[in-house]
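# model the structure of this input:
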Amino acid sequence: MKTKNQIFIILFLFWAICVVAQTNSTPLKYGKYNCTASKYVNGSYEFVPRGSFTIYKNGTYAYQGFEKPSKGKFRVDKDGNLLFVGGYFDKGKAEKIDSPNKFFVVFPTIPDNRWTCSCAEK
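Residues are numbered from 1 along each chain as shown. All right, here's what the predicted structure looks like:
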């Protein structure tokens, strides 16, 4: 019986550590994020560059995929996702994924299904 209780306690502690690790989100890293779209062609994936965007501490962003940057604003929701207003990403969302400083970006005028964007600054 003692061994079963010890195993239960160890499993419970392991579970608790995993839950805490998942809920502790990394803070938003401001700076430049490079974006790519993936495309399945002839049995393999191609990665197509889609420009970059920079997020600033004052709640603004600039997409550098055109000759002239497209600027707008963003806010961070309770889950750490970015919600865009104005600019090229208007009404879009950068959804936080498991990797730190990485997002799936979707927005109404996106030419692809979604983009993967990673922080360019280490």
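# pick out the residue closest to the middle of the protein.
Geometric centre of the chain, nearest residue: residue 103, 1.7 Å, by Cα atoms, centre = their mean.
# now do the contacts for that one.
33, 81, 82, 94, 95, 96, 97, 116, 117 (Cβ atoms under 8 Å, 6 or more residues apart in numbering). Placement of C-beta: from N, CA and C, glycine included.
# in which helix or strand would I find it?
Residue 103 is part of strand 102-106 when elements are defined by DSSP states H and E.
# and that strand, how far out from the chain's middle?
Its chain's average C-alpha position is 4 Å from that of strand 102-106, according to Cα atoms, centre = their mean, to the nearest Å.
# contact partners for the nearest residue to residue 54 once chain neighbours are set aside?
Excluding the flanking residues, the one nearest residue 54 by Cβ to Cβ, 6 or more residues apart in numbering is residue 32, at 4.8 Å. Residue 32 makes contact with 52, 53, 54, 119, 120, 121, according to Cβ under 8 Å, 6+ apart.
# since that was my last question, I'll sign off now.
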